Each structure stands twice: as C-alpha cells, then as structure tokens.
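Trainee: Return a 3D structure for these sequence lines:
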Amino acid sequence: MSIEVPEDLEARLRQLAAAQGVTVEELVTRELAKLTAPRPVRTLRGKGVLHAGSNAPHARDLKAFMRGEADDVA
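Mentor: Model prediction:
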C-alpha cells in the first residue's frame, strides 16, 4: 500500500528507518502497532469442557472470569 506524504515527513521516515536498519514499511508498521492497545490474553486451565445444560452455572462463572469480574481468580 502506498500513500502520499509530505516530502519532509518522507525524508524523516527514511532517516529513522536507515538508523534502525529496517525498511520504511517495517518502521511504519511497528509504529502503527504501538497505537493500538494490546488485548490481554487469558489462559484457561483445568479439566473438562463446558457442556450445555449441566454446566450452565459454570458457564456464567466462566463468562464473568473472561470479563475480569470473577471473585476467586486462581
């Protein structure tokens, strides 16, 4: 993808990329990634699978855990 940028910005990006030993595209991609907040990753551990019906109360607990609202996070 290419976009039009002012010449002074293009020159500055080329200087920064050369100083870091990367391409302008890699530099821009990395900097744009910093603008988006990473989403926390939760790992579920333990045995079993959620089954409809029999584990409905546990499913509600799991949903609360995934939202970060669980009281007893192990």
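
Trainee: What's the separation between residue 26 and residue 67?
Mentor: Taking Cβ to Cβ, to the nearest Å as the criterion, residue 26 is separated from residue 67 by 36 Å. Using the backbone N, CA and C atoms, a C-beta is placed for each residue, glycine as well.

Trainee: neighbour-wise, which of those two wins?
Mentor: Neighbours were tallied for residue 26 and for residue 67 using other Cβ atoms under 10 Å; the higher tally belongs to residue 26 (12 against 9).

Trainee: Regarding that one, which helix or strand does it belong to?
Mentor: helix 24-35 (DSSP states H and E).

Trainee: Render the CA-only coordinates of that helix in CSV, please.
Mentor: Coordinates of the C-alpha atoms in helix 24-35 are reproduced here as CSV (Å, rounded to 0.1, in the frame of the first residue of the first chain):
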residue,chain,number,x,y,z
VAL,A,24,10.3,2.4,6.0
GLU,A,25,7.4,-0.1,5.7
GLU,A,26,8.6,-2.0,8.8
LEU,A,27,9.1,1.2,10.7
VAL,A,28,5.7,2.5,9.9
THR,A,29,4.1,-0.9,10.7
ARG,A,30,5.8,-1.1,14.1
GLU,A,31,4.9,2.4,15.0
LEU,A,32,1.2,2.0,14.0
ALA,A,33,1.1,-1.2,16.1
LYS,A,34,2.0,0.9,19.1
LEU,A,35,-1.1,3.0,18.6
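
Trainee: tell me the SS of residue 40?
Mentor: Secondary structure of residue 40, reduced to three states by DSSP: H, G, I helix; E, B strand; the rest coil: coil.

Trainee: neighbours around residue 27, how many?
Mentor: Counted with other Cβ under 10 Å, the neighbours of residue 27 add up to 17.

Trainee: show me the biggest helix of the chain in terms of residues.
Mentor: Secondary structure of the chain per DSSP state H: the longest helix is helix 7-20.

Trainee: Can you give me the buried ones in stretch 27-39?
Mentor: By 16 or more other Cβ atoms under 10 Å, the buried positions in stretch 27-39 come out as 27-28.

Trainee: Endpoints of stretch 17-24, how far apart?
Mentor: 5 Å (Cα to Cα, to the nearest Å).
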